[in-house]
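Engineer: this is a predicted model, with the sequence first.
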Amino acid sequence: QIIRLEDYREPAYLVENVELVFDLESESTRVVCAATYYANNTDNAPLVLDGEDLKLLHISLDGRELGENDYSCDNKSLTIPDLPERFELVIETEIDPKGNTQLSGLYQSNGTYCTQCEAQGFRRITYFQDRPDVMATYNVTIIADKASCPVLLSNGNLLEHNDVEDDQHIAVWHDPFPKPSYLFALVAGDLAQVSDTFVTCTGRTVDLHIFIEHGNEDRVDWAMESLKAAMKWDEDRFGLEYDLDLYNIVAVSDFNMGAMENKSLNVFNTKYVLAKSDTATDADYAGIEGVIAHEYFHNWTGNRVTCRDWFQLSLKEGLTVFRDQEFSSDMRSRPCERISNVKVLRAAQFPEDAGPLAHPVRPEQYMAIDNFYTATVYNKGSEVIRMMHTLLGEDNFRKGMDLYFERHDGQAVTCDDFAAAMMDASDIDLTQFKLWYSQAGTPEVTAHWSYDHEAQRFDLTLAQHLAPTPGQNDKQPMHMPISVGLLDLEGMEILSDVLSVSKARETFSFENIESEPVISLNRDFSAPIKLKAAYSRVELAFLMANDSDDFARWEAAQTYGTDLLLDMVKAYQKGQPFKKDEDFIQALRQTLLNDQLDLDFIALCLQLPTEGYLAEQMETIDVVAIHQAREALRRYIAEDLQKDFLRIFRDLRSDKPYSPNAASCGQRALKNTCLSYLAEGDDPACLALITAQYHNANNMTDRMAALSILSNKEADARLEALEDFYTRFKDDALVVDKWLSVQAMSSLPGTLATVQNLMSHEAFSIRNPNKVRSLIGVFAHANPLHYHNEDGSGYAFHTDRILELDKINPQIAARMVAPLGKWRRFDKKRQDLMKAELQRIIATDGLSGDTFEMASKSLG
Ligand code: ARG
Ligand code: ZN
């Protein structure tokens, strides 16, 4: 059934304190939950507690054991009528952590007990009002076998730790900060620990511990460094200090998402903790830095101030993504960070906004909240915060943040409360701006301009359009900051400004412009829109060479490349030969040889738009034409710039020991981009270079770059390298994930068969979300050519896996449905095949609500 924002009511009862006792047993854990409840209103409502997959053993009310007639219970809830104003409720349940394959609630990962309670996992541990506006302090007692679970953790401070009889031990934890149930966590197991400390701005020493499986002690340095950097950064940039004396991070290999911000006990997917240079790539290092910071930043934006209800999810997620992006921008190259954020937004969020699953940043209804941990809530949510930051400016934004915490510390609040704090602190009216929270879809902004020599005036007209999305037919114009610059013909910036755009159509005039300028638009991607501007190719090449805004410079290269590639797609479809655009290649060459630019930025400029991005630009997607066009353009570039690529590749090779710092990452990024172009020619000498890099690499970034190139080559070198890679790393789960992905991404014929075979390889397990994402997820999302094979084999394989997974882990199954939801964008034949698979999903007996919601909405 459907849950609606408009139906929000305050909880009937509030909770003061929760006392939990866990007696841990793999298949039968006993949980006693004793809580003090008090009525939140006077209408003597029954108490309705959520509960799922629980075995109810006892209930007592103020010390009196309740009989079956005193309450009613089904598989979703427990209802108790006729309650006093204030009472103590004790509930004893039994749960099965080992049998919990959904990885929600209390489960076991490689023998370690751990929890995931966001959004609604706590109800799989005990009966409770499992909603974020019920906040309480928690006291947690854990009893477990001492030998198999020497480490016992929960939120807050450790009060006691003692041995008890029968080889058991007991730990008591107390969290003094009231919190919603979704932030509860428990971990118990045999884990190794790496420790450090951080001294806060007021001089308090915080103990930092990272817990990992034994043998991984040498892979946590980067995570620890990142944590300390994040703690410092939040003090410097936002004046936010950590509030307890202990901060624990636990890494587990079975985890539905990236990580979880439980108060002082973050639980992480190993992917976002473990790194050493020979097993993790530069991208992995950046991911760890970002996610460690993200979860740390949640301590204020999420935990101290939390969400009133799950429709407000972006209150904490959009804001925290904005904060982690800002952190990463300060830690490494700001323009490159911005470019990679925009690439993610375009790859994951724009398609969401343009398809059947489109929803506003603050959704208005859902069936399964776990389906709403989306790119819209997270990444577009972050863009919304960024636009407020741009409209208000850093100082006012900071005042708004301070006011937000002053008003709402310890509360569960709404996106409106956040916007109100920003408005009140700045006197900037955000009434219209708040449409970004309620209107789904990506605005299209069309730009026209003209220059009047006589008047020395430049006029820019911007017209915005927002197409209907499911359930929203009529849209209003949005308020957005559009950052612009004017460049003179020498490429000097003569003006830069942020326009506050709020009307459907609006003209901005710039006076005293002495000669006809070139305009740079939506600099730094100041608004998350699709810009339509009639740039000539000459102007795009000019912006590539001259724009003083690095983002816009990269964007000019992307726009030029997209333009060209879409023309080539048309040619391919008509059976015409491709035309080579020398000017584009020359513009790329200038970028490549420009010694004023950072190497990582040059690498980004040289990367053509992805097949997925090109697909989004087409009315009817033609995966074969896109693939052929893009490969052809890569070959043209490789031919013309071969000498440059070879020279730069050689210059950038280095024997220095690996360092994850931004400069060395940039060097590797450009070197490996050159190598990938050198590989286009199928020249045996180049193949030898790649094979040599594969074998001699002293770090995973270089080794993986070579392996990715080889995995698309019809050569013995491919099979040899893949086999070598597996032999080297087969005991290393995260590296094996890379081995699976690289094969699932290959454009070579037979890739689906390879993926199918890998399903029964010892390396694969359908119960492990990382393995599923690496093999099946990558195939369905990142291999359009094979996934959309016109015989429907890709769709059928994918659907079989969704149905297989739905029985094991519905959250993961539901998240895999999205590619089928793009059916409207394909030719009739593929449309029918895709729809038939969605229908097959919906018709399946016993389908989970999660998967049903995604499949039925995708079908439309
Ligand atoms: N709050 C977590 C984060 O953004 C995500 C947890 C979501 N988990 C889920 N099962 N929906 O860091
Ligand atoms: Zn988050």
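Structural biologist: It's in. Numbering: from 1, shown residues only. Ligands and ions are numbered 1, 2, ... in the order given.

Engineer: assign Leu430 to helix, strand or coil.
Structural biologist: coil (DSSP: H, G, I helix; E, B strand; the rest coil).

Engineer: can you check Asp207 too?
Structural biologist: Classified using three-state DSSP, Asp207 is strand.

Engineer: for it, which non-adjacent residue is closest in space?
Structural biologist: Leu246 (5.1 Å; CB to CB, 6 or more residues apart in numbering). From N, CA and C alone the C-beta is placed, and that goes for glycine too.

Engineer: wait, the one you found touches Arg204, no?
Structural biologist: No. If you go by CB atoms under 8 Å, Leu246 and Arg204 don't touch, sitting 11.2 Å apart.

Engineer: these two: which is more packed in?
Structural biologist: Each of Leu246 and Arg204 has its neighbours counted (other CB atoms under 10 Å); Leu246 has more, 17 against 13.

Engineer: the more buried one and Tyr138, how far apart?
Structural biologist: Relative to Tyr138, Leu246 is positioned 15 Å away (criterion: CB to CB, to the nearest Å).

Engineer: which stretches in the stretch 101-250 of the chain count as strands?
Structural biologist: Taking DSSP state E, counting those that start in this stretch, the strands of the stretch 101-250 of the chain run over residues 105-109, 112-116, 136-145, 151-154, 157-164, 168-179, 186-189, 192-199, 205-212, 246-252.

Engineer: Throw the ones you listed into a markdown table and include distance to ligand 1 and mean pLDDT, thanks.
Structural biologist: Listed next are the strands of the stretch 101-250 of the chain as a markdown table, based on distance: least, CB to the nearest ligand atom, whole Å; pLDDT from 0 to 100:
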| stretch | distance to ligand 1 | mean pLDDT |
| --- | --- | --- |
| strand 105-109 | 11 | 99 |
| strand 112-116 | 6 | 99 |
| strand 136-145 | 18 | 98 |
| strand 151-154 | 18 | 99 |
| strand 157-164 | 23 | 98 |
| strand 168-179 | 13 | 98 |
| strand 186-189 | 16 | 99 |
| strand 192-199 | 20 | 99 |
| strand 205-212 | 17 | 98 |
| strand 246-252 | 13 | 99 |
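
Engineer: out of these, flag the one nearest Cys33.
Structural biologist: strand 136-145 (10.1 Å; CB to CB).

Engineer: which strands border that closest one, and is each parallel or antiparallel?
Structural biologist: Strands that pair with strand 136-145, judged by DSSP bridges, come out as strand 13-23 (parallel), strand 168-179 (antiparallel).

Engineer: and it, what's buried?
Structural biologist: 136-145 (16 or more other CB atoms under 10 Å).

Engineer: gap between it and the chain center?
Structural biologist: Centroid separation between strand 136-145 and its chain, computed with CA atoms, centre = their mean, to the nearest Å, is 31 Å.

Engineer: what sits up against it?
Structural biologist: Outside strand 136-145, the residues within contact range by CB atoms under 8 Å, 6 or more residues apart in numbering are 15-24, 35, 113, 152-156, 164, 167-179, 184, 186, 188.

Engineer: rebuild the strands of the stretch 101-250 of the chain as a markdown table, extending it with distance to Ile2.
Structural biologist: Compiled in a markdown table, those are given as follows (distance: least, CB to CB, whole Å):
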| stretch | distance to Ile2 |
| --- | --- |
| strand 105-109 | 24 |
| strand 112-116 | 24 |
| strand 136-145 | 29 |
| strand 151-154 | 35 |
| strand 157-164 | 41 |
| strand 168-179 | 28 |
| strand 186-189 | 32 |
| strand 192-199 | 45 |
| strand 205-212 | 40 |
| strand 246-252 | 33 |
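
Engineer: for Phe327, which of those strands is the nearest?
Structural biologist: strand 192-199 (15.3 Å).

Engineer: got the angle between the closest one and strand 205-212?
Structural biologist: 160 degrees (axes from the mean of the first three to the mean of the last three CA atoms, to 10 degrees).
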